[in-house]
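# From the sequence below, what's the structure:
(chains A, B, C and D)
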Amino acid sequence: MKLLYFAWVRQKAGTAEEDVTPPGDVRDVADLISWLKTRGEGYEAAFSDLSVIRCAVDQEHSEFDAPIAGAAEIAFFPPVTGG
Amino acid sequence: MKLLYFAWVRQKAGTAEEDVTPPGDVRDVADLISWLKTRGEGYEAAFSDLSVIRCAVDQEHSEFDAPIAGAAEIAFFPPVTGG
Amino acid sequence: MIRVQTEDFDIGAEVAALTKGRPGIGAVVTFSGLVRDTGGISSMELEHYPGMTEKELARIETEANARWPLQATLIVHRVGKLSPGDNIVLVVAASSHRDAAFQAASFLMDYLKTRAPFWKREETGDKSHWVDARESDDEATAKWKT
Amino acid sequence: MIRVQTEDFDIGAEVAALTKGRPGIGAVVTFSGLVRDTGGISSMELEHYPGMTEKELARIETEANARWPLQATLIVHRVGKLSPGDNIVLVVAASSHRDAAFQAASFLMDYLKTRAPFWKREETGDKSHWVDARESDDEATAKWKT
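The predicted model follows:
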């Protein structure tokens, strides 16, 4: 699946976009975040405070308990500040 | 004092503007209307339904009990419909 | 700023002129009212009370500025003969924050509708009639009095 | 109608295009957001999530049209590098009546502020920082949920 990062989440993670194949026991967004945090300091920094992390599964705003099975694209970003 | 009439009040009264000197017992706007109605059919038609008459004394929205002593300009018109 | 004029106005140009040199403006709300083309109106005539109109519009503007932290306001009202689709009125409220701009623009319109001495006459074919005031406009104004 | 673009927009031209050929429109409300010049910001960078942005804006627009009797709506949001005084966003709501136009424009902005995936980074001198989301924006959105 494709992972996307925006704004300071992108800067801390050190990447804008990547293709990953998480292990089978990674079932929801929360699991995915835990798994990402094991992949390096950048991810650990990006996801250190989950209260300021928002996510979208296949371009829809989603909660952390959203299942990721079948998802093509998951994005992580701070609360939006447009307008 | 100068009297002004607008919109259909003007059309019914048959005049846009006139200078008048009401008798001394005409003390407020209500008195003035009563006196005007004695001056002809046009005025009678214009002031036949006071619920749709508004007035301004010296260019300020006023009630019918507003005194007219010292007023330079009194205007009669229907409820406003701009905007 | 207030203006009563026969000419049309350009919303973009008015907003640009109003925001220029005022760096604190972050939010601009405009309201424009148009002559609707319903029931076959062929034209509309806008009459007003010169002198009192300007005073009332200035008073409404002052009141809005007393209620909300605004950086700039503008009211432009046309008079004379207008056709369906033509602009009638423009209200602009500019503020640092959007809530004040929205509230002030809405307030300016509600007050203008019930206080500013303008009267509309609609022409349909060879008949003409004066537009009746709407009770809903009085109610809209009353809600600001709390 | 929605657009995401780097170019500026002209409010007057957008409103004219939107109202053209729609004779039932009597009221047009626009909101435009500008880069404020406070605290010495030298420039601002607008990042967005291509694809999701368009979907969210279209959804917000659909929701507004379901809630109010609107004749036309428009959302234009700029992305990329902007300077103080530059336009950021334009929202337009056109209706037969002013109340629907005001409510819809306000609703569109509140939802855009909390749902549309845009992020602002401010540059001040040689430093830059990502703008924090404001709690008041969440509260503004929540009030439409009753």
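
# count of neighbours near A:Gly82?
Using other Cβ atoms under 10 Å in any protein chain shown, A:Gly82 has 25 other residues around it. Placement of C-beta: from N, CA and C, glycine included.

# ok, it touching D:Val89?
Yes: between A:Gly82 and D:Val89 there is a contact at 7.0 Å, judged by Cβ atoms under 8 Å.

# what residues are shared contacts of the two?
When contacts are counted by Cβ atoms under 8 Å, 6 or more residues apart in numbering or on different chains, A:Gly82 and D:Val89 are jointly contacted by D:His77, D:Leu112.

# C:Asp86 is in contact with C:Asp37, correct?
No: with contact taken as Cβ under 8 Å, C:Asp37 and C:Asp86 are classed as non-touching, separated by 10.0 Å.

# and C:Tyr49, how far is that from B:Ala75?
Going from C:Tyr49 to B:Ala75 by Cβ to Cβ, to the nearest Å gives 6 Å.

# okay, these two: which has more neighbours?
It is B:Ala75, of C:Tyr49 and B:Ala75, that has more neighbours when counted by other Cβ under 10 Å, with 25 against 21.

# Contact partners for the more buried one?
Contact criterion Cβ under 8 Å, 6+ apart gives B:Leu3, B:Leu4, B:Tyr5, B:Phe6, B:Cys55, B:Ala56, B:Gln59, C:Tyr49, C:Met52, C:Pro117 as the residues in contact with B:Ala75.

# State whether C:Ala94 is indeed within a helix.
No: with DSSP: H, G, I helix; E, B strand; the rest coil as the criterion, C:Ala94 is assigned strand and is not in a helix.

# Might one say that it is in contact with C:Pro69?
No: C:Ala94 is beyond contact range of C:Pro69, at 10.7 Å (criterion: Cβ under 8 Å).

# Smallest gap between chain A and chain B, at which residue?
Sorted by distance to chain B under Cβ to the nearest Cβ, the residues of chain A start with A:Gly83, at 28.2 Å.

# Next, count neighbours for that residue.
Neighbours around A:Gly83, by other Cβ under 10 Å: 24.

# got a list of what the one residue in chain C that gets nearest to chain A touches?
When you check chain C against chain A by Cβ to the nearest Cβ, the closest residue turns out to be C:Arg98, at 8.1 Å. The contact partners of C:Arg98, by Cβ under 8 Å, 6+ apart, come to C:Gly26, C:Ala27, C:Val29, D:Phe31, D:Gly33, D:Ser106, D:Met109.

# before we move on, the earlier item: which neighbours do C:Tyr49 and B:Ala75 have in common?
B:Leu4, B:Phe6, B:Ala56, B:Gln59, C:Pro117.

# Please tell me how far the last one sits from chain B.
If I follow you right, that is C:Pro117. When distances are taken as Cβ to the nearest Cβ, to the nearest Å, C:Pro117 and chain B turn out to be 5 Å apart.

# Would you agree that residue is in contact with C:Thr53?
Yes: in this structure C:Pro117 lies within contact range of C:Thr53 using Cβ under 8 Å: 5.4 Å.

# Which of these two has more residues huddled nearby?
When C:Pro117 and C:Thr53 are compared for neighbours, C:Pro117 comes out ahead with 25 against 20, by other Cβ under 10 Å.
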